[in-house]
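**Q** how would this look folded up:
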Amino acid sequence: MTIKTSNTEMKKSLALFSGSSNPELANQISDELGVPLGNVKLEKFANGEIYARYLESVRGADVFIVQSISGPHVNDALMELLIMTDAAKRASARTVTAVVSHYGYSRQDRKAAAREPITAKLVANLMTVAGVDRTITIDLHQGQIQGFFDTPVNHLTALSLLSDYFKAKNLPQDRLCIVSPDVGRAKAAKKFSDLMGADLAIMHKGRPGHNKAEITALIGDVQGKICIINDDMIDTAGSLTGAISTLKANGADKVYACATHPVFSGPAYDRLENADVEEVVVCNTIPVPLEKQTGKITVISVAPLFACAIANVYSNGSVSELFDPDFAL
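**A** This next block holds a predicted model:
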């Protein structure tokens, strides 16, 4: 994409590159924008260190790097993003925007116990020091993570995509109930329920140990309802299966689930397969193997959202009016 400025012969150029963690999403964004992916060489040294080199000029370009900070090699994905950013800056890129479809390490966004790190802030610092001028991401674990950055953050939301998907199923609206799996997700679940014109229920979740969760309370009437559990991510699916069981025990007729980020670690796929849930709808912020996209798991694309955000950032247009969660309605 090349744009000639009105007063000079200088040209502004958009350069789109993909890291190795989510190339399928990067290709979809490329198609949506009508901008080809740039050529970058990504390799590893024998000892596992990451090597990156741009095989085309990025001098004076607005560089957008599409990368998901996610597993199974989450640390490599983070380092690759930092190294690609450093390489672009040293190649005289005008700006570098990190298009982070999943912001890893976001769950540690505060000190919940003594002597714990705040990794969400640490990653923000690393990205800033590496040279990231702007971050475009979607459905952060907590919205306040935006404040950990000293550079602009465009925080998108998948709520509209998810609501459009469920509206197309023509579920009986008078029986719909959106369920927040914990208090922290209640605000987003309320917005989702408003988009769907549905009732709202909220669960209280306790954590008896690391990476363990249990549902301790349910606020709201789900008797005979078609429930849609909405969360930002599904990791091991322990919390989700617990929520499904709780809803069924309280008389829910059918249960659906949706989340933006399909982390799907460890026993997640087996748990979901055995759970009493009609469908689990996730986004492609993290790749889901094709062989797993059958049966209960459905994947929808966030490429149109990211493509529009990139185009608006590049053209100095508004992003918040279209995509910020506070403007979702």
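**Q** OK, contacts around the nearest residue to residue 92 once chain neighbours are set aside?
**A** Leaving aside its chain neighbours, residue 92 sits nearest to residue 59 (4.3 Å; criterion: C-beta to C-beta, 6 or more residues apart in numbering). C-beta coordinates here come from the backbone N, C-alpha and C atoms, glycine included. Applying C-beta atoms under 8 Å, 6 or more residues apart in numbering, we find residue 59 in contact with 91, 92, 93.
**Q** Equivalent analysis for residue 115, please.
**A** Per C-beta under 8 Å, 6+ apart, neighbours of residue 115: none.
**Q** Surely it forms part of a strand?
**A** No: going by DSSP: H, G, I helix; E, B strand; the rest coil, the assignment for residue 115 is coil, not a strand.
**Q** distance of it from residue 186?
**A** 29 Å (C-beta to C-beta, to the nearest Å).
**Q** where does the stretch 1-150 of the chain dip in pLDDT?
**A** Along the stretch 1-150 of the chain, segments meeting pLDDT under 70 span 1-11.
**Q** Which parts of it are strands?
**A** Taking DSSP state E, counting those that start in this stretch, the strands of the stretch 1-150 of the chain run over residues 2-4, 11-18, 40-44, 50-54, 62-67, 95-100, 134-138.
**Q** among those, which is nearest residue 110?
**A** Closest approach to residue 110 among the strands of the stretch 1-150 of the chain is made by strand 134-138 (18.4 Å; C-beta to C-beta).
**Q** That closest one pairs with which strands?
**A** Using DSSP bridges, strand 134-138 pairs in its sheet with strand 95-100 (parallel), strand 153-156 (parallel).
**Q** okay, the longest one in PDB with CA atoms only?
**A** This points to strand 95-100. Extracted as PDB, the C-alpha positions of strand 95-100 are listed here (Å, rounded to 0.1, in the frame of the first residue of the first chain):
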ATOM      1  CA  THR A  95       7.200   3.000  13.200                       C
ATOM      2  CA  VAL A  96       6.700  -0.500  14.500                       C
ATOM      3  CA  THR A  97       3.200  -1.700  15.500                       C
ATOM      4  CA  ALA A  98       2.900  -5.100  17.300                       C
ATOM      5  CA  VAL A  99      -0.300  -6.800  16.200                       C
ATOM      6  CA  VAL A 100      -0.600  -9.200  19.200                       C
END
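**Q** quick one: it to strand 11-18, angle?
**A** 30 degrees (axes from the mean of the first three to the mean of the last three C-alpha atoms, to 10 degrees).
**Q** Contacts for strand 95-100, please.
**A** Residues from elsewhere that reach strand 95-100 (C-beta under 8 Å, 6+ apart): 29, 62-69, 81, 85, 88-89, 127, 131-137, 306, 310, 313.
**Q** Any idea how far that strand is from the middle of the chain?
**A** Mean C-alpha position of strand 95-100 versus that of the full chain (C-alpha atoms, centre = their mean, to the nearest Å) differs by 15 Å.
**Q** Kindly report the same for stretch 48-55.
**A** Centroid separation for stretch 48-55 versus its chain: 25 Å, with C-alpha atoms, centre = their mean.
**Q** which parts of that stretch are buried?
**A** 50, 52, 54 (16 or more other C-beta atoms under 10 Å).
**Q** Residue 215 touches residue 201, doesn't it?
**A** No: applying C-beta atoms under 8 Å as the test, residue 215 and residue 201 come out as separate, 11.5 Å apart.
**Q** neighbour count winner among those two?
**A** residue 201 (23 against 19; other C-beta atoms under 10 Å).
**Q** Show me what the more buried one is bridged to.
**A** In this structure, residue 201 bridges to residue 179 when assessed by DSSP bridges.
**Q** do the same with residue 218
**A** residue 203.
**Q** Retrieve the pLDDT associated with it.
**A** What the model reports for residue 218 is a pLDDT of 90.
**Q** quick one: it and residue 249 touch, right?
**A** No: the criterion here is C-beta under 8 Å, and residue 218 misses it with residue 249 at 9.1 Å.
**Q** So between those two, which is more surrounded?
**A** residue 218 (18 against 11).
**Q** Tell me how far that one lies from residue 30.
**A** In terms of C-beta to C-beta, residue 218 sits 44 Å off from residue 30.
**Q** go on, residue 109?
**A** 31 Å.
**Q** swap in residue 178?
**A** From residue 178 to residue 30 the distance is 34 Å (C-beta to C-beta).
**Q** now residue 82
**A** For residue 82, the distance to residue 30 equals 22 Å [C-beta to C-beta].
**Q** And the helices in the stretch 1-150 of the chain?
**A** Counting by DSSP state H, counting those that start in this stretch, residue ranges of the helices within the stretch 1-150 of the chain are 23-33, 74-90, 119-130.
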